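[1] Provided below are the primary sequence and the corresponding predicted coordinates.
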Amino acid sequence: MVATCDRILSRSRPRRSGLQDAKWWQPVTVFLVGAGPGDPDLITVKGKQLLEDCDVVIYDRLAPSELLAFTKVGCELIDVGKRPAISENDQDYINNLLIERARMGLKVVRLKGGDPYVLGRGGEEAQALVNAGIDFQIVPGVTSAIAVPAYAGIPVTHRNIADSVTIVTGHQDSKVNWKALAELGTTIVVLMGVTNRKEISRKLIENGMDPATSVAIVEWGTTPEQSTHRTNLEELERARVRPPATIVIGQVAEMNLKWFESRPLLGKRVVVTRASETAGKLSRLVREFGARVIEIPTIRTLELEVPPVSGEYEWTVFTSPIAVELYVKHFRITSKIAAVGPATRNRLNEAGYQVELVPDEFDANSLVESFPIAQNSGQVLYPKSQIAKDTIESGLVSKGWQVTSIDLYTTERVPLSDWQIKEISNCDIIAFASSSAVEALADVLGDTLRSVSGKVVCIGYETARVAESLGARSIVIAKEHSIEGLAKAVLDA
Ligand code: SAH
């Protein structure tokens, strides 16, 4: 409930820095949030909502950086996980930071890799908050101990093969009873075990485990960089591994119910620039192909005050789903309806309207081409973005129509952070769903797209023309000018 109220308040607030956003009416609260093992889609709904609402995020090395894109403008982002091992001093520093920011009245998310309470020192942080008398909540996460093997095709338990699983730390300071584990003979999942792997295999073998026992080592699990080595206990020390890695020991490690590693864009980095309100669909489609998707919301939709609409119209024309959404909020449509493409048409159908006309190619020019010639100076209503080109208006006027346009919304630039600029220059593919997104990105990158070395995939000809004029090289145009078509073009690029 609190989260919902805050969200409405935070949307209507002017943009300010996280520190100035202190709210005296909000209880002092820290949320220890599990970020999941790497795939950003594996965060919980509650975790994502908190990221959208909070004033400060204090995050770890292993928390997926894509999740930071959910934070609001002005949210303070503090990276506390540069080093692989967190020393006692570092832990005290983090505990104090949580307490200090919470006492400033800020809503703090402590974002931790996997689950906060599985070998993640979340318990110590919660203990420090208890001692300081600060309210906190735990938002569990998907732990790498189970999800990483699953993405490598390994169920940690399996009928007739393994009835239980033990999750242990492989850190050299740990007090794991390796003898008991060797005797138990169940699945062993070792986290933080890369450095100490020689010692681990030695102890298990010395205590009676078969040296031929299967082992799988999964690096960067659930991310586009995932790779899996299969070996056995005796050979474990010789495996070349880059941390972070999860080590699975036991008969289940032979299993390979492959799905994630066979996807076509695994390992590719794709930048998606869209208005933040609509970014989800393309990202989801491209992520399904296995790519690492970096969402860069360069433009944001701002609703304008809607003027009264009167008069009789023969047609109402829509060129974006957002225009539909905003228009039907205020008015009923009584005329025939034209939509530029399937997404706009679907939004109209969802609102209960049938669409008379959708052009074969989903852009403004084709809409004008396929529009009928006016009889008796017919009237067209065109609810639109304030910054839309005048293709529709001038095109329809030349076909004899009288066009009344109403500006429902506009878009504005969202500034890029340093990490976003780095992601853009390192990407393999960048996908543009509108010419205004191209212009916005060029603008924030310093007026040109020349620094983009990856392929530039555009939804349609107009978007491509603008990208080319702004210095983009290696341009690919989607065959079908829709989000699905754009995703397909990314796959084929
Ligand atoms: N709380 C976390 C674990 C923290 S310990 C969780 O529930 O997942 C950190 C260890 O988790 C790493 O050393 C590694 O063994 C494992 N790990 C975390 N992310 C991983 C990933 N993407 N791929 C493989 N192992 C990972």
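    It's in.

[2] could you check which residue of the chain lies nearest the ligand?
    residue 114 (1.9 Å; CB to the nearest ligand atom). Placement of C-beta: from N, CA and C, glycine included.

[3] thought that residue was touching residue 37?
    Yes - Residue 114 lies in contact with residue 37 (CB atoms under 8 Å); the separation is 5.3 Å.

[4] now list whatever residues contact both of those two.
    By CB atoms under 8 Å, 6 or more residues apart in numbering, residue 114 and residue 37 have these common neighbours: 62, 142-144, 147.

[5] which one of those is nearest residue 454?
    Each of these was checked against residue 454 using CB to CB; the closest is residue 62, at 25.8 Å.

[6] residue 248 and residue 150 touch, don't they?
    No - look at residue 248 against residue 150 with CB under 8 Å: they stay out of range, at 10.5 Å.

[7] overlap in contacts of these two?
    Common contact partners of residue 248 and residue 150 (CB under 8 Å, 6+ apart): residue 156.

[8] what residues are up against residue 402?
    Contacts of residue 402 by CB under 8 Å, 6+ apart are 374, 377-380.

[9] just residue 397 next, same as before
    By CB under 8 Å, 6+ apart, residue 397 lies in contact with residue 403.

[10] what do you get for the one 10 residues further on?
    Contacts here follow CB under 8 Å, 6+ apart; on that basis residue 407 touches 304, 384-386.

[11] and what of residue 416?
    Residue 416 is in contact with 296, 298, 424, 444-445, counting by CB under 8 Å, 6+ apart.

[12] check what pLDDT it gets.
    For residue 416, the model assigns a pLDDT of 81.

[13] now do the strands in the stretch 151-300 of the chain.
    Secondary structure of the stretch 151-300 of the chain (DSSP state E, counting those that start in this stretch): strands at 165-169, 187-191, 214-219, 227-232, 245-249, 269-273, 292-296, 299-303.

[14] most tightly packed of these?
    Each of the strands of the stretch 151-300 of the chain was scored by mean neighbour count; the highest is strand 245-249, a mean of 28, by mean count of other CB atoms under 10 Å.

[15] quick revisit: restrict the shared contacts of residue 114 and residue 37 to contacts with the ligand.
    When contact is defined as CB under 6 Å from any ligand atom, the shared contacts of residue 114 and residue 37 meet the ligand at 62, 143-144.

[16] by neighbour count, which of the residues you listed wins?
    residue 144 (29 neighbours; other CB atoms under 10 Å).

[17] skipping adjacent residues, who's closest to that one in space?
    Spatial nearest neighbour of residue 144, excluding adjacent residues (CB to CB, 6 or more residues apart in numbering): residue 37 at 3.7 Å.

[18] is it true that that neighbour touches residue 148?
    Yes - Residue 37 is in contact with residue 148 according to CB under 8 Å; the separation is 5.5 Å.

[19] need the overlap of contacts for these two.
    Common contact partners of residue 37 and residue 148 (CB under 8 Å, 6+ apart): 221-222.

[20] for the stretch 51-200 of the chain, what lies in contact range of the ligand?
    Residues of the stretch 51-200 of the chain lying near the ligand by CB under 6 Å from any ligand atom: 62, 113-115, 118-120, 143-145, 148, 191-192.

[21] take the residues you listed and keep only those in helices.
    Mapping these onto helices (DSSP state H) picks out 144-145, 148.

[22] adding pLDDT, write those residues out as CSV.
    Listed next are those as CSV, based on pLDDT from 0 to 100:
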residue, pLDDT
144, 98
145, 98
148, 98
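
[23] looking at these, which is nearest residue 356?
    residue 148 (51.2 Å).

[24] tally up the residues packed near the closest one, please.
    Other residues within reach of residue 148, judged by other CB under 10 Å, total 32.

[25] hey, what's residue 318 bridged with?
    On the basis of DSSP bridges, residue 318 is bridged to residue 339.

[26] enumerate every residue touching it.
    Contacts of residue 318 (CB under 8 Å, 6+ apart): 324, 327, 337-340, 344, 348, 383.

[27] PyMOL command for the buried members of those?
    Of the contacts of residue 318, the buried ones go into a single PyMOL selection, burial set by 16 or more other CB atoms under 10 Å:
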select buried, resi 324+327+337+338+339+340+344+348+383
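
[28] next, format the contacts of residue 318 as TSV and append pLDDT and distance to residue 409.
    Output for the contacts of residue 318, formatted as TSV (pLDDT from 0 to 100; distance: CB to CB, whole Å):
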residue	pLDDT	distance to residue 409
324	94	11
327	95	10
337	97	19
338	97	19
339	96	17
340	93	16
344	89	14
348	95	17
383	96	9
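
[29] from the contacts of residue 318, which are also near the ligand?
    With CB under 6 Å from any ligand atom as the criterion, no member of the contacts of residue 318 is in contact with the ligand.

[30] low-confidence ranges in the stretch 151-300 of the chain?
    The model of the stretch 151-300 of the chain has pLDDT under 70 over residues 274-279.

[31] rerun at 50
    The stretch 151-300 of the chain contains residues with pLDDT under 50 at 276.

[32] which residues of it fall in helices?
    178-184, 197-206, 280-288 (DSSP state H, counting those that start in this stretch).

[33] of all these, which one is nearest residue 244?
    Residue 244 lies closest to helix 197-206 among these, at 13.3 Å (CB to CB).

[34] what's in contact with that closest one?
    170, 172, 178-179, 181-182, 188, 190, 193, 211, 213, 215, 233-234, 236-237, 239, 241, 247, 249.
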